[in-house]
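Visitor: Turn this into a structure:
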Amino acid sequence: MVDDAVFDRIERIHLPRWRSIVQTALAIPGRTPLQVAYYRSPAFARRVAALLPQHDLALAHLIRTGDYLLAKRTIPTVLEMTDAISMNYARVREHGVKGMRARIYALEQARLRAYEAQMPRHFDTVSLIADSDAANLWEENLPSNLVVASNGVDCDALPFQNRIGNPPVAVFIGNMHSAQNMDACRHFVQDILPLVPETVVREFRVVGRIHEGDATWLRQHPRVTVTGEVTSIPVAVADAAIGVCPVRIGAGVQNKVLEYMALGLPTVSSPVGHEGLAAVPSRDLLVAATPADVATAMKRIIADPALATALAHHARQFVEERHGWDVTLRPLTDRIGATIATSIRTRTALSARS
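Guide: Residues are numbered from 1 along each chain as shown. Alright, predicted model coming up:
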């Protein structure tokens, strides 16, 4: 058991990797998603069962932990799914996954989609962070117990900065341990950067955690720098002029786009990067689908300070109004609060009768 600055108590259950590998292999002939099988732990299940009677509500983050609550309805349950993971797998398959890995992804995608789609039947509330993910799973037949609560940013920690006069530096912020982020960086370096003159992008700066092999690959390309993990995002991108989000794989909301917008970085995003946001193209950011279109959008921002200024200010306003954490989480926190209150009233009434 450990403590942190958020929770009253944290308990950790160790799951040996060998057990995860064996469980995943044994799950191949069945219908259980492999990632659910990978994280199954009898010790964790026993601890969950012991803790449930001591609490008013159980909240599971992602389907791999929601699996532990499927048969335990003694208290209200909430599943915070975040993204439609099956949609993400479908996009991974579209971009270069071949051979045995492609077959595994196809298998997992089908299982995930079926598994995710039936989750609302097992929980009092399920939540996603984007309407697009919900539509992908259920089309127009949205579950009545679904809550869409988008991602947010701490605007106080991401101060707006006027970028006019900054050198032609384009930044990409993200955890490069993620396949979707590393794919985006490779795509930018290989397919987009050669189309962009140095007057528009003198430096492409990759900011965030990264494996050394990936960092070495990126650094061998002219105009690319890699910072690795940094202590302050605002400081690391203080001299940048553009934020780019050329993601081709993903689901939900790209927090990097929200960070760019909060920081006053005129943003160029792919359709996938824009998908989960209500930001208005050409007002709050520029959306470009092809490498040539991305290059053109970046040229427009550098060549037109008035456009860059307008994009930056509209984007900051959008983030402040729509993506502060107090705003984005309110639908979910209100639902949880109401559920707990109802549960407590019910149990009090039952106790009084007995």
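Visitor: now the strands: where do they sit in the stretch 201-350 of the chain?
Guide: If DSSP state E, counting those that start in this stretch is used as the criterion, the strands of the stretch 201-350 of the chain fall at 203-207, 224-228, 242-245, 267-269, 286-287.
Visitor: Could you say which one of the ones you listed comes nearest to Y39?
Guide: Closest approach to Y39 among those (CB to CB): strand 224-228, 28.4 Å. C-betas here are computed from N, CA, C, even on glycine.
Visitor: which residue ranges form the helices in the stretch 1-150 of the chain?
Guide: Secondary structure of the stretch 1-150 of the chain, counting by DSSP state H, counting those that start in this stretch: helices at 17-27, 34-38, 42-51, 63-66, 85-94, 99-117, 131-138.
Visitor: V207: which of those helices is closest?
Guide: Checking those against V207 by CB to CB gives helix 85-94 as the closest, at 22.4 Å.
Visitor: by contact count, what packs against that closest one?
Guide: Under the contact definition 3 or more CB pairs under 8 Å, 6 or more residues apart in numbering; DSSP states H and E, helix 85-94 sits against helix 99-117, helix 131-138, helix 179-187.
Visitor: right, so those: which one is the most enclosed?
Guide: The highest mean neighbour count among the helices and strands packed on helix 85-94 belongs to helix 179-187 (a mean of 21), with neighbours defined as mean count of other CB atoms under 10 Å.
Visitor: Would you format the helices of the stretch 1-150 of the chain as CSV with distance to S178 and mean pLDDT included?
Guide: Rendered in CSV, the data for those read as follows (distance: least, CB to CB, whole Å; pLDDT from 0 to 100):
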stretch, distance to S178, mean pLDDT
helix 17-27, 20, 94
helix 34-38, 15, 94
helix 42-51, 25, 94
helix 63-66, 17, 94
helix 85-94, 10, 78
helix 99-117, 16, 84
helix 131-138, 17, 90
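Visitor: rewinding a little: redo the strands of the stretch 201-350 of the chain as JSON lines? Include mean neighbour count.
Guide: Putting these into JSON lines (neighbours: other CB atoms under 10 Å) gives the following:
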{"stretch": "strand 203-207", "mean neighbour count": "21"}
{"stretch": "strand 224-228", "mean neighbour count": "16"}
{"stretch": "strand 242-245", "mean neighbour count": "27"}
{"stretch": "strand 267-269", "mean neighbour count": "28"}
{"stretch": "strand 286-287", "mean neighbour count": "22"}
